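> quick check, what structure comes out for this input:
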Amino acid sequence: MVLALCTAFALSQAYRTVGAIMASQLQAEFRLSAQALGIFSAAFHFSFGAMQLFMGIGIDLHGVRRTVLTAFPLAIVGALLSSVSQDYALLVAGQVLIGVGCAPAFLVCTVFIARHFPAARFASVSGLVLGIGGVGMLITGTPLAWLVQEHSWRMGFVVLAAVSVLAWLAIWHWVREPARPGGQPRESALAALRQFGALFALPHTLGILVLGAVTYAAFISLRGLWLGPLLIERHGYTLVQSGNVALVVSIISLVGPPLFGRLDREGPVRRRRIIGCSLAYAALFAAIGFFTEAWVDVGGTIAIGLLSGFIVWQYADVRAAYPAAITGRAMAVFTMAMFLGVALMQWVTGIAASIAAAHGAEPFTAVLATIAALLLAATLGFAMLPAPAPRPGRVSS
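All right, here's what the predicted structure looks like:
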């Protein structure tokens with residue numbers, strides 16, 4: 001059942017990273033500025049993130065299976081709409097539909113794991129799911145680059161829509177959940193919404209969300225939006241060559257989450273490791289931004305793909321920071337912060353690139369310096385804001 005749920009998550013990973021391969025053709029066909037391209041890519045993540053609270057309530061009230069089966073068809077409609085778009089507004093509308101349809105894709109995996117696996121295995125199983133889901137990014141490497149180059153970006157959306165139909169059928173066929181115990185009252189939507197408000201009132205939530213909003217956003221902004229244009233415009237790579245680099249980065253990013261999941265440790269040591277990895281992460285983005293050698297850009301991006309695996313520790317930190325009764329909602333709030341962060345970062349980096357270009361500066365230096373600065377600021381916030389109080393029965397280090 002976990003593997004079946006992973007199919008939707010893998011497709012959501014593919015949809016959110018198509019921009020890096022389609023960017024050049026989209027810019028040429030629709031005459032898009034860097035800022036408009038950033039808005040196109042951010043539309044998916046904004047709608048994805050904005051729907052997390054509602055998907056969390058849906059999962060709590062109606063279950064994992066019903067929620068994902070109801071929402072995911074919108075991703076198929078959005079992909080087909082994108083494939084026939086003749087103007088920019090319709091293209092962005094398609095991205096919004098895809099984002100809404102994919103909104104429960106990763107959340108259903110984390111909630112299913114939290115409900116059906118022991119707490120001690122949460123990080124390792126979540127890391128495995130993140131690795132499997134990363135297969136979606138392999139699709140948007142060399143395979144999608146070849147398809148776009150030989151046919152068009154429109155055919156890319158058609159193929160993704162067809163594979164999404166197969167994923168929906170796999171979930172419908174294999175995923176089952178135990179029936180709600182007889183006599184157990186169903187929580188109202190209003191009561192569920194109040195629980196989200198209670199999460200935001202806890203002092204340690206802010207630090208968790210501040211860092212959560214930038215770590216995944218940094219990786220996806222590079223891999224899913226700026227990597228292709230950077231390699232093509234800065235180093236003269238072809239579309240397929242840039243797709244090959246994206247493929248290698250995607251393969252490496254599959255290794256990171258399971259590896260970091262196995263290295264997880266509970267208690268304060270986990271948070272110290274998160275801070276250390278986040279600082280190293282920021283340094284890598286800064287290096288790519290300011291050292292414009294091809295080997296630095298390619299090697300640094302591969303290193304970022306591997307190091308991004310530490311994000312699984314952030315999910316484990318959320319799992320440990322809240323009572324089991326509200327784990328699903330805590331995961332929904334964290335996932336919302338992650339993907340609204342992706343939308344915000346892609347929008348902000350698009351603005352940074354446009355401003356740099358208008359002043360005759362190298363736009364990719366501005367983009368990567370902005371990402372590094374946001375990572376540094378968020379890491380300091382995570383370190384200085386209140387941490388979760390130790391919970392009874394948890395081992396601290």
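> my guess is residue 147 meets residue 158, correct?
No. In this structure, residue 147 is not within contact of residue 158 by CB atoms under 8 Å, at 9.6 Å. (C-beta placed from N, C-alpha, C; glycine too.)
> downstream of the lowest-mean-pLDDT helix or strand in the chain, the next helix or strand is which one?
Here the helix or strand of the chain ranked lowest by mean pLDDT, DSSP states H and E is helix 189-201, holding a mean of 73. Per DSSP states H and E, the first helix or strand lying C-terminal to helix 189-201 is helix 205-221.
> quick one: that following helix to chain centroid distance?
A distance of 10 Å separates the centroid of the chain from that of helix 205-221, by CA atoms, centre = their mean, to the nearest Å.
> same for that helix, what does it pack against?
Applying 3 or more CB pairs under 8 Å, 6 or more residues apart in numbering; DSSP states H and E, one finds that helix 205-221 contacts helix 268-290, helix 294-307, helix 311-321, helix 327-358, helix 363-384.
> ok, then the element right after that helix?
Using DSSP H and E, the helix or strand that follows helix 205-221 in sequence is helix 227-235.
> buried ones in the helix or strand just after that next one?
Downstream of helix 227-235, the first helix or strand assigned by DSSP H and E is helix 239-262. Of all the residues in helix 239-262, those buried under the rule 16 or more other CB atoms under 10 Å are 239-254, 256-258, 260-261.
> can you tell me what sits against stretch 14-29?
The contact list for stretch 14-29 (CB atoms under 8 Å, 6 or more residues apart in numbering) reads 32, 37, 40-41, 44-45, 48, 75, 79, 91, 98, 102, 136-137, 139-141, 144-145, 148, 152-153, 156-157, 160, 220, 223-229, 232, 239, 242-243, 246, 250, 342.
> likewise for stretch 221-228?
Identification of contacts with stretch 221-228 by CB under 8 Å, 6+ apart yields 16-21, 23-24, 37-38, 41, 137, 140, 239, 242-243, 245-246, 249-250, 253, 285, 288, 301, 304-305, 342, 345-346, 349, 364, 367-368, 371.
> surely residue 271 and residue 317 touch.
Yes. Taking contacts as CB under 8 Å, residue 271 lies within contact range of residue 317: 6.5 Å.
> show me which of those two is the more surrounded one.
Neighbour totals were compared for residue 271 and residue 317, and residue 317 leads with 24 against 21 (other CB atoms under 10 Å).
> what about the residue lying closest to the more buried one once chain neighbours are set aside, how many residues nearby?
Of all residues not flanking residue 317 in the chain, residue 270 sits nearest, at 6.1 Å (CB to CB, 6 or more residues apart in numbering). By other CB under 10 Å, the residues close to residue 270 number 21.
> try the one 10 residues further on
Neighbours of residue 280 under the rule other CB under 10 Å: 14.
> gap between it and residue 375?
Here residue 280 is placed at a distance of 10 Å from residue 375 (CB to CB, to the nearest Å).
> equivalent analysis for residue 263, please.
Distance, residue 263 to residue 375, using CB to CB: 21 Å.
> between these two, which is the more surrounded one?
Each of residue 263 and residue 375 has its neighbours counted (other CB under 10 Å); residue 375 has more, 25 against 16.
> buried ones among the contacts of stretch 14-29?
By neighbour count, with 16+ other CB under 10 Å, those hold 32, 37, 40-41, 44-45, 48, 75, 79, 91, 98, 102, 136-137, 139-141, 144-145, 148, 153, 156-157, 160, 220, 223-229, 232, 239, 242-243, 246, 250, 342 as buried.
> which residue packs closest to residue 255, ignoring adjacent ones?
Closest to residue 255 by CB to CB, 6+ apart is residue 306, at 6.5 Å.
> let me fix that: residue 58
In space, and not counting its chain neighbours, residue 58 is closest to residue 67: 4.2 Å by CB to CB, 6+ apart.
> what helices and strands are in contact with the helix or strand hosting that neighbour?
Remark: residue 67 resides in helix 64-71, with elements defined by DSSP H and E. Helices and strands touching helix 64-71, by 3+ CB pairs under 8 Å, 6+ apart, are helix 2-16, helix 52-62, helix 88-102, helix 105-116, helix 153-174.
> what's the following helix or strand after the first one?
Beyond helix 2-16 on the C-terminal side, the first helix or strand identified by DSSP H and E is helix 19-30.
> now find how far off-centre that following helix is within its chain.
Taking the mean of its C-alpha atoms, helix 19-30 sits 21 Å from the chain's own mean (CA atoms, centre = their mean).
> elements contacting the next helix-or-strand element following that helix?
For helix 19-30, the following helix or strand on the C-terminal side (DSSP H and E) is helix 34-50. Packing contacts for helix 34-50, counted by 3+ CB pairs under 8 Å, 6+ apart, involve helix 2-16, helix 19-30, helix 88-102, helix 327-358.
> what's the angle from the shortest one to helix 227-235?
With axes from the mean of the first three to the mean of the last three CA atoms, to 10 degrees as the basis, helix 19-30 and helix 227-235 are set at 70 degrees to each other.
> coming back round to it: which of the helices and strands packed on helix 34-50 sits most buried?
With neighbours taken as mean count of other CB atoms under 10 Å, the helices and strands packed on helix 34-50 reach their highest mean count in helix 2-16, at a mean of 25.
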